[in-house]
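Visitor: what shape does this take:
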Amino acid sequence: MSSKVHVFQSEIFKALAHPTRVQILQLLRNGEKCVCEIVPALKMEQPNVSRHLYVLKKEGILSCRKEGLKVIY
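Guide: Here you go, the predicted structure:
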């Protein structure tokens, strides 16, 4: 039977299992970025990028803050 730690770890691995999410983490490796910088860097639509950011945030891999209308990850 899986312990809580194993379940937690598997959820993190699931969140990291998509290539776009790995790209997002690579973009953020050197510091914070606004969603308005992440979207063009990935050449994807904003709603799609936001879904991936949500998954990473939900699992505690990323955090974010607001600066006016901008969301910084």
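Visitor: dump the residue contacts of residue 15.
Guide: Applying CB atoms under 8 Å, 6 or more residues apart in numbering to residue 15 gives the contacts 21, 55-56, 58-59, 61. (C-beta placed from N, C-alpha, C; glycine too.)
Visitor: skipping adjacent residues, who's closest to it in space?
Guide: residue 59 (4.2 Å; CB to CB, 6 or more residues apart in numbering).
Visitor: the one you found: neighbouring residues, count only.
Guide: Neighbour count for residue 59, taken as other CB atoms under 10 Å: 16.
Visitor: tell me where the chain has helices.
Guide: 4-15, 19-28, 35-42, 46-58 (DSSP state H).
Visitor: hang on, the earlier thing: hang on, the residue nearest to residue 15 packs against residue 10?
Guide: No - if you go by CB atoms under 8 Å, residue 59 and residue 10 don't touch, sitting 10.6 Å apart.
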